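[1] here is a sequence together with a model predicted from it:
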Amino acid sequence: MAWLEYLDERWWGFLLVLARSGGLAATAPFLGARLVPWQVRALFALALTVLFAPLVNGPDPALSFPDQGPGTGAAGGPGGAEGAVGTISALPALMESAREVLKGALIGFGAALVISTAQMAGSLLDVEMGFGMVNVVDPTLETQAPLVGNFQHLLALIIFLLVDGHHLLLRALWESFRLFPPGTAILPEQSAAGVLLLTAAMFSLALQLAAPVLATMFLTTVALGLLARTVPQMNVFFVGLPLKAGLGILLLVFTLPIYWKAMSDLSRDLLRHLGVLMGRG
């Protein structure tokens, strides 16, 4: 009975919370993958709404719909200007709902961008290790992805779940309700700059993760070039391709602890990165 009374009094606020939760469910890591049925995302968004909606403080985001009685039309009937007024009054509701979806999608996008850092690093290594032409299907995106990049992306997703990154994602959603109450606040102008800053930081971190293997591959290429000049009879292509692939895999194994720590720290620092994205960093 309490929920029925709540929905009767604050049904519009409930729908706005549902819109933001739905935006998060559509873009969050793992949950936003195409393999996850939309019914699962919808149920997850509804569960988050049931959890957060009664706790959201701030003014009730109720919309003022004009009183449309039977005589509000131009001709005194149900037609005329009454339909136009109803259409105009629904437009702010649609815009407000779209803004809430955007807020939730921005949070999920930030978390997905953090996870995609590993795939960016792996994509750089694929070219140097000779796997650039080998693509596999990414089960989370249903697209072709580089071999090492896909492996590191799945590994980063496992690390994200192991360090309770999904809990931090839910906390970020709650913090967004606290900082930007539904229907009463819009994203600050710093959010656009935050997207650029976070993207640049993720590209920089991806290059740092791939740097040890990239440097070794570069030195191997230089050594093979000198060897080709010294021994012209040797086919450097057939020697260098398996050599670089094997050396790259060996280096990936040795640098796995460094990669694990870097992705763990990055996942634990998710709230700060999302704060930058929301213009609060």
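    Alright, I've got the coordinates. Residues are numbered from 1 along each chain as shown.

[2] okay, now the unreliable bits of the stretch 151-281 of the chain?
    Of all residues in the stretch 151-281 of the chain, those with pLDDT under 70 make up the ranges 183-192, 278-281.

[3] how about the strands in it?
    When assigned using DSSP state E, counting those that start in this stretch, the stretch 151-281 of the chain turns out to have no strands.

[4] for it, what spans make up the helices?
    For the stretch 151-281 of the chain, helices defined by DSSP state H, counting those that start in this stretch occupy the ranges 165-179, 190-230, 236-254, 256-268, 270-277.

[5] could I get the ones you listed as JSON lines with mean neighbour count and distance to residue 114?
    Quick note: C-beta positions are derived from backbone N, CA and C, even for glycine. Formatted as JSON lines, the helices of the stretch 151-281 of the chain follow (neighbours: other Cβ atoms under 10 Å; distance: least, Cβ to Cβ, whole Å):
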{"stretch": "helix 165-179", "mean neighbour count": "18", "distance to residue 114": "8"}
{"stretch": "helix 190-230", "mean neighbour count": "15", "distance to residue 114": "7"}
{"stretch": "helix 236-254", "mean neighbour count": "14", "distance to residue 114": "21"}
{"stretch": "helix 256-268", "mean neighbour count": "16", "distance to residue 114": "6"}
{"stretch": "helix 270-277", "mean neighbour count": "20", "distance to residue 114": "6"}
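
[6] gap between residue 229 and residue 204?
    Summarising the geometry, the distance separating residue 229 from residue 204, computed by Cβ to Cβ, to the nearest Å, is 35 Å.

[7] still on that earlier bit, could the helices of the stretch 151-281 of the chain be laid out in a markdown table, adding distance to residue 39?
    Supplementary listing: the helices of the stretch 151-281 of the chain in a markdown table, determined by distance: least, Cβ to Cβ, whole Å:
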| stretch | distance to residue 39 |
| --- | --- |
| helix 165-179 | 19 |
| helix 190-230 | 30 |
| helix 236-254 | 38 |
| helix 256-268 | 28 |
| helix 270-277 | 27 |
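
[8] okay, and residue 42 sits in which element?
    helix 38-52 (DSSP states H and E).

[9] against which helices or strands is that helix packed?
    Packed against helix 38-52, as judged by 3 or more Cβ pairs under 8 Å, 6 or more residues apart in numbering; DSSP states H and E, are the following elements: helix 2-27, helix 165-179.

[10] Throw those helices into CSV and include distance to residue 255, thanks.
    Formatted as CSV, the entries for the helices and strands packed on helix 38-52 read as follows, by distance: least, Cβ to Cβ, whole Å:
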stretch, distance to residue 255
helix 2-27, 30
helix 165-179, 22
